[in-house]
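**Q** Give me a 3D structure for the following:
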Amino acid sequence: MSYKLTEGALATIMRGGNVENPVVQILGHKRMGAEGVGERFRLLVSDGRHLNSFAMLATQLNAKVTSGELEDFTVVQIRRHITSMINNTGKGEKRVMIILDLTVLTPGSEVGTKLGNPIPFTDTSAATTPAPSGARPAQARTPTAPTRPMGVSGGNVSRVGGTGSPAGGERTVPISAVSPYSNAGIKARVTLKTPIKTYSNARGEGKLFSLTLTDESGEIRATGFNDAVDKLYDQLEVNQVYVFKGFTVKAANKQFSNIKHEYEITFNHGTAVTPCEDDKDIPTTSFNFVPINKLAEADGNTIVDVIGVCKSAGDVNTFVARTTNREVKKRDITLVDQSNTAVTVSLWGAQAEEFDGSLQPVVAIKCGKINDFGGGRSVSLMQTSALQVNPDIPEAHRLRGWFDNYGAHQETTSISTRSAGSSGGGTDGEWITLQTADESDLGAKDVADYFNCKATIVMIRTENTTYQACPGPDCNKKVINNGNGMYRCEKCNCEYPNFKHRLLLTMCISDWTSSQWVTCFQETGEEILGMTSQEVGVAHESDPALYESIFKNATFKTFVFRLRAKMEVYNDERRLKMNVMQAKPVDLRELNNRLLENIKALSGVGSKQSV
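**A** Purely as a prediction, here's the structure:
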């Protein structure tokens, strides 16, 4: 059997020309970088006439090597490729071919031998080599006046890197070729832009933001600090294409991203960004989705991409972070996919407040963080994470069809609850009694546990129910009364002529099994009392009778409480602390339906029993 290779294709490509869909043979491969971390593969390819060892496989095709699909002697057709100029260890620049897509025509096990008598490619060997049919040889470029800002040119930038002049005549390279040894720019699409984040360390305070940049060859993470934030943040828009130049390159920190590139970019004072109108060749966000049922096998803190249908969404809860003493907004949603598996996903801040799960949308998450939740797994969004609702991608369309036709009516298994053999009585969404909560090891792990119960308020302490808080935006720190009509916030380092009242309630709740002291914060406290924190604070200062009646009226009311349990240490003594995350009026219809389901489960009604 004969295998026809595109003879002469490599010589044309390596001299800057173009050959459509060349057929070549894989004669070997070499791993570059550590296995699984920044892993790349360098290939030895042959067109029957020449050998080329300066061929790299795009990272999204790595699995074709690790699976054995690209074994030695395999004949393939290259569907898409780009070339890039890189430094060749002090020997000048060398052109590298980067293979973006290929199709296996004949497995190596079937071919079983090297085809033809290829010789290593050199410029000398290529000088007398006739070009293959359909090849377009490289042509000298004639400088022309720029027609776009900063001389941005057309689509040649990302398809044949190193030959275009997109920014003032300077070269660009594909993202896959970015390294500390190349000072060329890149042309890329912004597929993720994080909010500005502040930080504080031994060297002082600062701010930063991060981008995910994408082109045909792959993705890379870029970060800007301090001056770069002021200079670049407002002009960069998600889904727009830009030419970036004048940045530094360093080894990637995999702690905050699952991007496979072994390097990442840092913007500095010399970084220049030019908008690019010609973006047809630059792809949008790429995902590496992990099925939800596979998340249970992953290690905690792993960064993953996840997609699922939002089967349910909880309310926004507010709590005070212990490390910053600031209020934090959080919403938990439940995603399901075709594996009939569910996972809890935590949204934070404005994202939690703005999310609408009422129509059960498809949700795609890039760079979510897996949390180890009491024997189960949940996913949390970080500063570097991205969330897309109903994205226009094939995976989302398939999920929509599955859910609407089948998934909405099927039972799912949650990986965000404790396994049957694990200890502890309460998990996210589970209903238990206060006695069960007290007797179990809730909150004994390093993470808190959550549970629901129906209970009645039997007492509310009327001492220290409010505190004087900073009136500044996004700050709820307790202020100091200077005694001169001014109030100082140590966190904001400012003085104000006024303050705002914040609720901090301590109350005892009871169900039919036991009682428990719990702490309740701002919005939830207002829901229970039926008054705002400001009204409570003013009554405390000016109307003692009204103040007492506020708490008297709330006593002996019954709510469905969602509680957070965490073991904490006070004066070397460990004790369980419970915070109220939510208090909702009792829906008797919903409560009765739940009780009926519990009775059926306990009595075995509806289950198969042997006679």
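
**Q** those helices in this protein, which residues are they?
**A** For the chain, applying DSSP state H gives helices covering 9-14, 62-66, 108-111, 123-127, 156-159, 227-232, 292-295, 349-354, 394-405, 434-439, 522-529, 533-542, 544-554, 588-603.

**Q** can you pull the buried residues of the last one?
**A** By neighbour count, and taking 16 or more other Cβ atoms under 10 Å as the criterion, helix 588-603 has no buried residues at all. C-betas here are computed from N, CA, C, even on glycine.

**Q** Please identify the deepest-packed of the helices of the chain.
**A** helix 9-14 (a mean of 26; mean count of other Cβ atoms under 10 Å).

**Q** what about it, average pLDDT?
**A** If you average the pLDDT over helix 9-14, you get 91.

**Q** swap in stretch 438-449?
**A** For stretch 438-449, the mean per-residue pLDDT is 67.

**Q** what does stretch 397-407 give?
**A** Mean predicted lDDT for stretch 397-407 stands at 91.

**Q** okay, now the domains of the chain?
**A** The chain breaks down into these domains under automatic domain parsing: 9-127, 151-275, 292-414, 434-596.

**Q** I'd like the ones you listed laid out as JSON lines, including distance to T285.
**A** Formatted as JSON lines, the domains of the chain follow (distance: least, Cβ to Cβ, whole Å):
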{"stretch": "domain 9-127", "distance to T285": "13"}
{"stretch": "domain 151-275", "distance to T285": "4"}
{"stretch": "domain 292-414", "distance to T285": "7"}
{"stretch": "domain 434-596", "distance to T285": "29"}
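
**Q** tell me, which of those is the model least confident about?
**A** Minimum mean pLDDT among those: domain 151-275, a mean of 78.

**Q** ok so, going back, now for the domains of the chain, which one comes closest to S286?
**A** domain 151-275 (6.3 Å; Cβ to Cβ).

**Q** excluding its backbone neighbours, what's nearest L100?
**A** Distances taken as Cβ to Cβ, 6 or more residues apart in numbering place R80 nearest to L100, at 4.1 Å, with adjacent residues excluded.

**Q** Let me fix that, I meant to ask about A469.
**A** R502 (4.3 Å).

**Q** What is the burial count for that neighbour?
**A** 23 (other Cβ atoms under 10 Å).

**Q** I'd guessed K245 sits against A272; true?
**A** Yes: with contact defined as Cβ atoms under 8 Å, K245 counts as touching A272 (5.3 Å).

**Q** So between the two, which is more surrounded?
**A** K245 (22 against 18).

**Q** Pull up the gap between L591 and S312, please.
**A** 18 Å (Cβ to Cβ, to the nearest Å).

**Q** Oops, could you answer that again for M32 instead?
**A** Separation of M32 from S312 (Cβ to Cβ): 45 Å.

**Q** Check T212 too.
**A** Going from T212 to S312 by Cβ to Cβ gives 29 Å.

**Q** okay, those two: which has more neighbours?
**A** The residue with more neighbours, out of T212 and S312, is T212; 24 against 14, by other Cβ under 10 Å.

**Q** Return the distance of the closest residue to that one other than its chain neighbours relative to D392.
**A** Excluding its sequence neighbours, the residue lying closest to T212 (Cβ to Cβ, 6+ apart) is L192, at 3.7 Å. Separation of L192 from D392 (Cβ to Cβ): 17 Å.

**Q** who's more crowded, the two?
**A** Neighbour totals were compared for L192 and D392, and L192 leads with 23 against 8 (other Cβ under 10 Å).

**Q** Test my guess that the more buried one contacts S286.
**A** No: at 10.8 Å, L192 does not count as touching S286 under the criterion of Cβ under 8 Å.

**Q** How about the residue nearest to the spatial centre of the chain: what's its closest non-neighbour residue?
**A** What sits nearest the mean C-alpha location of the chain, by Cα atoms, centre = their mean, is C367, with 2.3 Å. Distance criterion Cβ to Cβ, 6+ apart; nearest residue to C367, sequence neighbours excluded, is S385 at 4.7 Å.

**Q** Would you mind confirming that that neighbour makes contact with I365?
**A** Yes: between S385 and I365 there is a contact at 6.4 Å, judged by Cβ under 8 Å.

**Q** Next, the buried residues of stretch 14-26.
**A** The neighbour-count check on stretch 14-26 (16+ other Cβ under 10 Å) flags 14-19, 22-26 as buried.

**Q** Tell me how many other residues surround I259.
**A** Neighbours of I259 (other Cβ under 10 Å): 25.

**Q** Check the one 3 residues further on too.
**A** As a burial measure, E262 scores 19 neighbours (other Cβ under 10 Å).

**Q** try V316
**A** The number of residues packed near V316 is 16, by other Cβ under 10 Å.

**Q** Could you shift the numbering so residue one becomes 26, and keep it that way?
**A** All right, first residue 26 from here; so that's V341.

**Q** Please look at it and K355 and confirm they touch.
**A** Yes: the criterion here is Cβ under 8 Å, and V341 meets it with K355 at 7.1 Å.

**Q** what touches both of the two?
**A** Shared contacts of V341 and K355, defined by Cβ atoms under 8 Å, 6 or more residues apart in numbering, are found at A377.

**Q** May I see the buried residues of stretch 80-88?
**A** Buried residues in stretch 80-88, defined by neighbour count with 16+ other Cβ under 10 Å: 80-85, 87.

**Q** could you check the distance from S535 over to T458?
**A** 11 Å.

**Q** Ok, R40 next?
**A** Here R40 is placed at a distance of 78 Å from T458 (Cβ to Cβ).

**Q** Report the contact partners of E436.
**A** Neighbour list for E436: N365 [criterion: Cβ under 8 Å, 6+ apart].

**Q** ok, F66 - contacts?
**A** 54-57, 81-82, 87, 90.

**Q** Quickly list what it is bridged to.
**A** For F66, the beta-bridge partners under DSSP bridges are R56, L82.

**Q** nearest residue to W456 other than its sequence neighbours?
**A** In space, W456 is closest to N477, 4.9 Å off (Cβ to Cβ, 6+ apart).
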